Structure formats: structure tokens, C-alpha cells
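Trainee: when you get a sec, could you give me coordinates for this:
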Amino acid sequence: VGLSGCYTLLGAGSVSRGAYEEAEAAYLQGLAAAEKAIGLRPDDPDVMNRYSNVCGVLSTLARTRRQPEATAKWLAKACAIKRSLVEHFPENTKYLRDYGLCEYYMARDEFEAGREDEARSHFSRAVEFNEALLAKEPSQAGAIENLGLCYDQLSLMDEKAGRASEGYEWARKSTEMNRR
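Mentor: I've put the predicted structure just below:
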């Protein structure tokens, strides 16, 4: 797992210089290292988490490079692993946070692609998991911010669909989150 982290850091350095192909190569090496670690410790949740994190950075890189198919592929892979981790370790707040964030990113990408029903479904799951996280850690800033973003988007979607009262309720919740 340490080796995959090293490659991920190398990739991040390449991204900061705008060397996206070099970054992708480093991230893919990190993914390969994580896959080897999975072979050695297939039941280790930390190894699976590292693998999903590398998939997540590959998704972010693909989004930066405006490659929607690659973005969706890597993000779906990361989210599937995060979902499995949450199912197996429901008390682990790190996994809850990461999965809520994955759902938000899936929602954002679906919305931008014009697939509002799918986006609503992902936003709703992001709300569900971020609320679960806040029930365990009430001052978790990332969950508060993510909930606010989800509420804002759901509000806009409801207003656009002619459901102003539902949109207002989401907007109220967003304002509430921003006050925390």
C-alpha cells in the first residue's frame, strides 16, 4: 500500500505541473501496486480503501482532461468499493465520508450530462450518507459542506421542475448547513 501512495504523490506532483500524461502513468502504477497489495491481503479494508482512492484520483484526472467516459469508469469503480466498505464497516466514519463524497461526484457528473433522474438519485444517496456521518460526528466539516452542496443542487432541480415548495425546503436546509 505504501508504494501505491508514493505513486499517487508522484502523480499529484505531475498534475501540479500540468504534466497530465505523466500523472496518469504514475497513478496507473499506483493502481497496479494497490492491486498487488490486494492479492497479498484481499480481506484488508485499508488496502481496498487505498485502491478506491487511486481510482478516485484517476477519475479526477480524467475529469480535468475532459474525458467523461474515463471519469465515469474510474468514479464508478471507486464508488463501488466505497459502498462495499460502508456496508461491511458501517461505523467507520472515514468510509461514510468518502462514500457520501463519491455519491456527490456521481450526482454532479450525471447532472452535467443532463441525466437529472440519475443525478437526483445520487444526490439523495449523498444526503443520506452525509446525514448518517453527521449523526456520528456532528462537527464533520466535509459532511456539512457536502450536504449544503447537495441541498443547493436539489433545490435548483426542484425549482426547475416546477416544485418550488420542495426547492424551498432544500434551500432552507442548505442555509442551515452553511450556518454551522
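
Trainee: phi, psi of the closest residue to residue 127 other than its chain neighbours?
Mentor: Leaving aside its chain neighbours, residue 127 sits nearest to residue 150 (5.0 Å; criterion: C-beta to C-beta, 6 or more residues apart in numbering). Yep, even glycine has a C-beta here, placed from its N, CA and C like the rest. Per-residue torsions, residue 150: phi -60, psi -50 (degrees, to the nearest 10).

Trainee: any idea which residue sits dead centre in this structure?
Mentor: Among the residues of the chain, the one closest to the centroid is residue 102, at 2.1 Å (C-alpha atoms, centre = their mean).

Trainee: confidence score at that residue?
Mentor: pLDDT recorded at residue 102 is 94.

Trainee: list the contacts for it?
Mentor: By C-beta atoms under 8 Å, 6 or more residues apart in numbering, the residues touching residue 102 are 56, 75, 78, 79, 82, 83.

Trainee: check which helix or strand covers the nearest residue to it once chain neighbours are set aside.
Mentor: Leaving aside its sequence neighbours, residue 102 sits nearest to residue 79 (C-beta to C-beta, 6+ apart; 4.0 Å). Per DSSP states H and E: residue 79 is located in helix 68-88.

Trainee: tell me the mean pLDDT over that helix?
Mentor: pLDDT averaged over helix 68-88 gives 95.

Trainee: for this structure, what spans make up the helices?
Mentor: For the chain, the helices defined by DSSP state H occupy 2-16, 20-40, 45-64, 68-88, 93-112, 116-136, 141-160, 164-179.

Trainee: buried residues of the shortest one, list them for me.
Mentor: By neighbour count, with 16 or more other C-beta atoms under 10 Å as the criterion, the buried positions of helix 2-16 are 4, 7, 8, 10, 11, 14, 15.
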